[in-house]
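> My questions are about this predicted structure, shown below with the sequence.
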Amino acid sequence: MSRTFKGRVITPGKASAEALVSRAGFNTLASYQMALLLNDKHVKCGDQNNPDLYKKSMIGKALCLPETIGSTTGGMVLYTVCSKNMQPACLLFSKSIDSLAASGAILAANWSDAKMPVIDRLGDDFLNYVQDGMKITIQEDGTVCVE
Amino acid sequence: MVLTEEQQAILGGKQGETMARIMKTLVMYGETFDAARMVPVTSEYGHTVISFGLGVMKPVYALYDEILSAGLTGKQKFSADPFPTDPHVPSNVLENIVFKLMYTEQRRYGKQLDELGLMKRNAYTCACYLPEVGNTPKRGDILSWAESSAVVYANSVLGARCNRNSGILEMMGSIAGCVPEFGFLTDDGRKADWVVEVKTSEKPEAQLLGSAIGMKVLAEVPYVTGLDRWLGADLNDPACAYLKDFGAATASNGSVGLYHIENLTPEAKDYGETLIRENAKHYIIDDAELRRVKDSYPCIWKNPEAKPKLCFVGCPHLTMEQLKDWTVKIENALKESGNKHVLIPTVFTSAPAVIREFRKTPYSERLSDTGVILSYICPLMYMDNPVCGKTPVITSSNKLRTYTSARYYTDEEILRKITKEGR
């Protein structure tokens, strides 16, 4: 059984990937800093405060989250992750995107060659429905299919 | 988004391709948040969160090279976050080797900052708004800043207007001289989504209260009642220091960019409860809630019973009054315990400009006599060293706890540990 959700496109693109779900705010710096420093090819989440993601590999996943939280290095970190091809396949926000995640997505779109489509406003229902490991397919118009 | 003719021309390439991309980035940023227009940056100085030349962040420095080679610099000078290393902070040979391997871009980036417009040689601190540093915006100023603890302080305590911009974006706003008008730059964006009632039996620990509120409200704006009972109605030195630490915890444990404290912060004083949105959510904080939050912090030390090898106090950087207060408290506690020096290597961190002034006071020698090391370092950057990260470090900073393996204790607990218990 599959369900389809429609959100707003922040940076467009198509992607198909396995879901990785953070139920709480995603702390970009805390999640990526050790993976960047150790050049971890699995890009494991280093955020001890996020039990959903801690120590899980994030690279190439459809990262589903409510919003990002934490340091204002967040956008810069996301831009660096994209520039080094360590990014998730896409970012899918249930809420409206926050300023730091938006900065990272926009910097990556304008100043790197990385592809990381970003969609927000998918709704609480999306985050309640999606589970780790589900298959996610997204379209350029912001349609997200979860199966 | 409606742009002026000049902004439109820049977007079209009038000032070159790189400047056009900077403007495009800022416009996309604004459009994402339904900004109607760009507004001029009016503060005297900017502030950048990026102070470190990490080898793994090469794409950032390559981007800045591109900007500089296009002949672009900030329209305003700026301060920067704390320096990532300081030889006075204890570290062993292996840690020093790793520091060298990590910060391979420090010299390159320092040169870039100078060229982009660093306000003075030693303008490296997260607490740039402290009077000794000289980057204190006025109420109503529009800022292009990043550094979560500085942004929340500028918005809440100083009444300036700044969004939670990311590193790089803040520099682009300073270069363009304008930022998109949305969020905390608008009156509506400064209204409170939450009423937080503080009902504790004693003055709550700033960094614990901030953590609880940050985790609850995330990016929304809290209007905090009951705190003026403990802080008074004047933004004096102790109140400002408290709000600095409180705000840093709200911003790092959640993503708060603005808070109002009833009867204390400027907008709460002027507009009172009219700042609260209809149907605002409520959160009550009592002793039990603070205890619950503190108990929820995980300890990720390999051996949770390990003896602490280092203690950091001062994230965000300490104020002059905090340095003096800590000096007296440590002296008294050492006297009580019969110890001459702190029992755990302890580093206090503050802005270079504050340290310079502190050194002129008699407290400086007194603090030094207790064995405490005074440094301008960013403890977070220190702990980012994977070898240092394995060291059992304790701290009273909830921000440092959030981003590293450092273990959080209240100020009182830290004092006891470093002067009496040694563990």
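In hand now; what should we look at? Numbering: from 1, shown residues only, chains lettered A, B, ... in the order given.
> Now do the strands in chain B.
For chain B, the strands defined by DSSP state E occupy B:38-40, B:46-48, B:78-80, B:178-180, B:192-198, B:222-225, B:260-261, B:276-285, B:310-318, B:346-350, B:373-375, B:393-395, B:407-408.
> Tabulate those (a markdown table), appending distance to residue A:110.
Placement of C-beta: from N, CA and C, glycine included. Formatted as a markdown table, these follow (distance: least, C-beta to C-beta, whole Å):
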| stretch | distance to residue A:110 |
| --- | --- |
| strand B:38-40 | 17 |
| strand B:46-48 | 19 |
| strand B:78-80 | 22 |
| strand B:178-180 | 15 |
| strand B:192-198 | 31 |
| strand B:222-225 | 34 |
| strand B:260-261 | 35 |
| strand B:276-285 | 34 |
| strand B:310-318 | 31 |
| strand B:346-350 | 35 |
| strand B:373-375 | 37 |
| strand B:393-395 | 37 |
| strand B:407-408 | 38 |
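> could you list every residue that touches the residue in the stretch 101-250 of chain B that chain A sits nearest to?
Nearest residue of the stretch 101-250 of chain B to chain A: residue B:166, at 2.5 Å (C-beta to the nearest C-beta). Counting by C-beta atoms under 8 Å, 6 or more residues apart in numbering or on different chains, residue B:166 touches A:72, A:73, A:74, A:75, A:76, A:99, A:100, A:103, A:104, A:107, B:49, B:146.
> most centrally placed residue in chain A?
In chain A, the centroid-proximal residue (C-alpha atoms, centre = their mean) is residue A:91; its distance is 3.0 Å.
> Kindly report the same for chain B.
residue B:149 (2.8 Å).
> Surely that one touches residue B:243?
No. Between residue B:149 and residue B:243 there is no contact under C-beta atoms under 8 Å: 10.6 Å.
> To what extent is residue B:128 buried, counted in neighbours?
Other residues near residue B:128 come to 30 when the count uses other C-beta atoms under 10 Å in any protein chain shown.
> quick one: the residue nearest to residue B:138 when sequence neighbours are not counted from residue B:190, how far?
Closest residue to residue B:138 apart from its sequence neighbours, by C-beta to C-beta, 6 or more residues apart in numbering or on different chains: residue B:160 at 7.0 Å. According to C-beta to C-beta, to the nearest Å, residue B:160 stands 11 Å off from residue B:190.
> Looking at these two, which is more packed in?
Just comparing residue B:160 and residue B:190: by other C-beta under 10 Å the higher neighbour count belongs to residue B:160, 24 against 20.
> right, and the residue nearest to residue B:138 touches residue B:135 too?
No. Assessed by C-beta under 8 Å, residue B:160 is found out of contact with residue B:135, at 11.0 Å.
> Help me confirm that residue B:167 comes into contact with residue B:50.
Yes. Look at residue B:167 against residue B:50 with C-beta under 8 Å: they come within range, at 4.5 Å.
> Mind checking which of those two has more residues around it?
residue B:167 (28 against 25).
> quick one: which helix or strand includes the residue nearest to that one when sequence neighbours are not counted?
Of all residues not flanking residue B:167 in the chain, residue A:76 sits nearest, at 3.6 Å (C-beta to C-beta, 6+ apart). Taking DSSP states H and E as the definition, residue A:76 sits inside helix A:74-83.
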